[in-house]
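**Q** no sequence on this one, just coordinates:
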């Protein structure tokens, strides 16, 4: 078959995936949602025609947005995920025995429903008794919680449309307040190749609010350019100071104790984005 | 303008780059060659409709295919590049003061000519007095040289068409023989996501011939999946044992002493490709 899903990754760059079947498409109150069965990556979820996750490569993103922060904290008990309605982050979070409750706050119920129906490998933990699923605005949720979460994960779409507010200083201040005294947060913060204005701004905002701010990297094939950034803000713990020899085996495919350390090593063209200005 | 160069990265995956201008195209005795001016990556060289190099991201590949090996060797004097007619690898090699001669063996004179005309930022070192440019078959060249090079770099196209012979055990044996007693070689060896049969075979072949074989990674946005692998075979020096605190500053944008070390840290899904079987 010669049917292709094509994403405009930037105005001047596309990725195309051969489609075996269109499994689902709908217009939700927030965005256009589709699920394709692709020949290269298996089932794939898109929002507003942007690839969110695929069966073949989701492990990179979901492992790296969760375990780096969770292993930087000695005892994460309550963890919040904002966005991430596919459930992939939650699935990784509850691998940590210390976690008593993982709260997922997804603004769009349709994402959760589609993930449960079409992506069971990713959404499988959403019915776990330790998982609480709330369909509400993540910005509102962090405003209304104080000193409550040991870790907050911002697993958002790109900084356009519904997710714009998740990339601003006001939001990071509310995240700070919603965290416990030794809490930390991690957000996906786009491509070091293509978002070279955004990343310095985020780092500056997080650095103004948190005692510690840092950037780390992973390579996600279905995201623009492959190389992807995550920003951490931490009140107390430095993820680069973790004793990685003492970390448990989490049965991961991208994350490992050694990868934990090396993810913070930034090539010079990325390091220049996070330098103090 | 709505003109796009589209590469079929795999039978089921494409990358598309918006084209501002088609600068050059020809059919050489070996392949179809084109140079585009793209909106995302600037000028771009393609061979048989596969992206070889672009002005915007070439630094990643050219720095990583050269400096890791050159810095693993205490005194590389004679260096051979097979393929790499764009000149990017040679440009990086002659940054090392120990290098007396860099020999480029490119099978297709048209690649060198197009690079000199359209990609001067990449080809700028090809006229350096320390650089020797030979238009001949790299396979034949290594067969005819014995105990001659301190480092050999295989900067080839994908393992189809003219480059097939550069990915086989017979060739690696000739490379071994063409190297000096403490020599080493590095080859680009495709994607750990999409070439999961090729990489284990290469590693096994290199391991059978060289005392030391290892894989390292870098992220090149215009290559399939971003994450890219390089295989090193070494007679004596272990690139992972280099004292990176003593390395000179090479004015690089991706490579750094810290990146040198971390490039060998393989995520588990890549590490499993290079395990002894």
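**A** Received, thanks. These numbers were taken from a predicted model, which means no experiment stands behind them.

**Q** could you pull out the helices in chain A for me?
**A** A:58-70, A:88-93, A:109-118, A:120-123, A:138-143, A:169-178, A:198-209, A:257-262, A:268-274 (DSSP state H).

**Q** okay, now residue A:238: neighbour count?
**A** 14 (other Cβ atoms under 10 Å in any protein chain shown). Quick note: C-beta positions are derived from backbone N, CA and C, even for glycine.

**Q** could I get the helices of chain A as JSON lines with mean neighbour count, mean pLDDT and distance to residue B:171?
**A** Listed next are the helices of chain A as JSON lines, based on neighbours: other Cβ atoms under 10 Å in any protein chain shown; pLDDT from 0 to 100; distance: least, Cβ to Cβ, whole Å:
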{"stretch": "helix A:58-70", "mean neighbour count": "25", "mean pLDDT": "98", "distance to residue B:171": "32"}
{"stretch": "helix A:88-93", "mean neighbour count": "27", "mean pLDDT": "98", "distance to residue B:171": "42"}
{"stretch": "helix A:109-118", "mean neighbour count": "19", "mean pLDDT": "98", "distance to residue B:171": "45"}
{"stretch": "helix A:120-123", "mean neighbour count": "18", "mean pLDDT": "98", "distance to residue B:171": "40"}
{"stretch": "helix A:138-143", "mean neighbour count": "21", "mean pLDDT": "97", "distance to residue B:171": "55"}
{"stretch": "helix A:169-178", "mean neighbour count": "19", "mean pLDDT": "98", "distance to residue B:171": "54"}
{"stretch": "helix A:198-209", "mean neighbour count": "18", "mean pLDDT": "97", "distance to residue B:171": "42"}
{"stretch": "helix A:257-262", "mean neighbour count": "20", "mean pLDDT": "96", "distance to residue B:171": "31"}
{"stretch": "helix A:268-274", "mean neighbour count": "18", "mean pLDDT": "98", "distance to residue B:171": "33"}
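
**Q** mind putting those into CSV with distance to chain B?
**A** Listed next are these as CSV, based on distance: least, Cβ to the nearest Cβ, whole Å:
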stretch, distance to chain B
helix A:58-70, 7
helix A:88-93, 14
helix A:109-118, 19
helix A:120-123, 15
helix A:138-143, 28
helix A:169-178, 27
helix A:198-209, 15
helix A:257-262, 4
helix A:268-274, 4
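
**Q** phi first, then psi, for the closest residue to chain B within the stretch 51-200 of chain A.
**A** The minimum distance from the stretch 51-200 of chain A to chain B, using Cβ to the nearest Cβ, falls at residue A:193 (5.3 Å). Dihedral pair for residue A:193: phi -80, psi -40, per degrees, to the nearest 10.

**Q** residue B:230 versus the residue lying closest to it once chain neighbours are set aside, what's the distance?
**A** Nearest non-adjacent residue to residue A:193, counting by Cβ to Cβ, 6 or more residues apart in numbering or on different chains: residue A:225, 4.2 Å away. For residue A:225, the distance to residue B:230 equals 19 Å [Cβ to Cβ, to the nearest Å].

**Q** that older thread, quick one: closest of the helices of chain A to residue A:149.
**A** Proximity to residue A:149 (Cβ to Cβ) singles out helix A:169-178 among the helices of chain A, at 5.6 Å.

**Q** whatever residue of the stretch 151-277 of chain A ends up closest to chain B - how many residues pack around it?
**A** Distance from chain B to each residue of the stretch 151-277 of chain A (Cβ to the nearest Cβ) is smallest for residue A:226, at 1.4 Å. Other residues near residue A:226 number 25, with proximity taken as other Cβ under 10 Å.

**Q** pretty sure it sits against residue B:218.
**A** No: in this structure, residue A:226 is not within contact of residue B:218 by Cβ atoms under 8 Å, at 10.2 Å.

**Q** overlap in contacts of the two?
**A** residue B:227 (Cβ atoms under 8 Å, 6 or more residues apart in numbering or on different chains).

**Q** which helices and strands does the lengthiest strand in chain A pack with?
**A** Longest strand in chain A, counting residues (DSSP state E): strand A:13-27. Applying 3 or more Cβ pairs under 8 Å, 6 or more residues apart in numbering or on different chains; DSSP states H and E, one finds that strand A:13-27 contacts strand A:4-10, strand A:32-38, helix A:109-118, strand B:4-10, strand B:13-27.

**Q** okay, those in TSV with distance to residue A:187 next?
**A** TSV is the format used below for those (distance: least, Cβ to Cβ, whole Å):
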stretch	distance to residue A:187
strand A:4-10	20
strand A:32-38	22
helix A:109-118	18
strand B:4-10	29
strand B:13-27	27
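
**Q** just so I know, which of these lies nearest residue A:58?
**A** Closest among those, once you apply Cβ to Cβ, is helix A:109-118, at 10.6 Å.

**Q** which residues touch that closest one?
**A** So helix A:109-118 is contacted by A:23-24, A:26, A:28, A:30, A:33, A:35, A:43, A:45, A:47, A:85-87, A:104, A:106, A:122-123, A:126, A:133, A:135 (Cβ under 8 Å, 6+ apart).

**Q** how does it look with 10 Å?
**A** With contact meaning Cβ atoms under 10 Å, 6 or more residues apart in numbering or on different chains, helix A:109-118 is reached by A:23-31, A:33-37, A:43-45, A:47, A:52-53, A:55, A:83-88, A:104, A:106, A:108, A:121-124, A:126-127, A:133, A:135-136, A:157.

**Q** just the buried ones from the residues you listed?
**A** A:23-24, A:30-31, A:33-36, A:43-45, A:47, A:52-53, A:55, A:83-88, A:104, A:106, A:108, A:122-123, A:126, A:133, A:157 (16 or more other Cβ atoms under 10 Å in any protein chain shown).

**Q** so what's residue A:36 up against?
**A** So residue A:36 contacts A:3-5, A:17-25, A:42-46, A:51, A:54, A:118 (Cβ under 10 Å, 6+ apart).

**Q** 8 Å instead?
**A** Residues in contact with residue A:36 (Cβ under 8 Å, 6+ apart) are A:5, A:17, A:19, A:20, A:21, A:22, A:23, A:43, A:44, A:46.

**Q** now for those residues, which pair is the farthest apart?
**A** Of all pairs drawn from those, the greatest distance, 14.9 Å, lies between A:20 and A:46 (Cβ to Cβ).

**Q** the more surrounded of those two?
**A** residue A:46 (20 against 16).

**Q** right, and that one touches residue A:5 too?
**A** Yes: assessed by Cβ under 8 Å, residue A:46 is found in contact with residue A:5 at 6.9 Å.

**Q** what sits in contact with each of these two?
**A** Counting by Cβ under 8 Å, 6+ apart, the residues touching both residue A:46 and residue A:5 are A:34, A:36.

**Q** once you drop chain neighbours, what's closest to residue A:174?
**A** Using Cβ to Cβ, 6+ apart, the closest residue to residue A:174 is residue A:142 (4.3 Å).

**Q** my guess is that neighbour contacts residue A:103. True?
**A** No: checked against Cβ under 8 Å, the pair residue A:142 and residue A:103 is beyond contact range at 10.9 Å.

**Q** pull up the overlap in contacts between the two.
**A** With Cβ under 8 Å, 6+ apart, residue A:142 and residue A:103 have common neighbours residue A:80.
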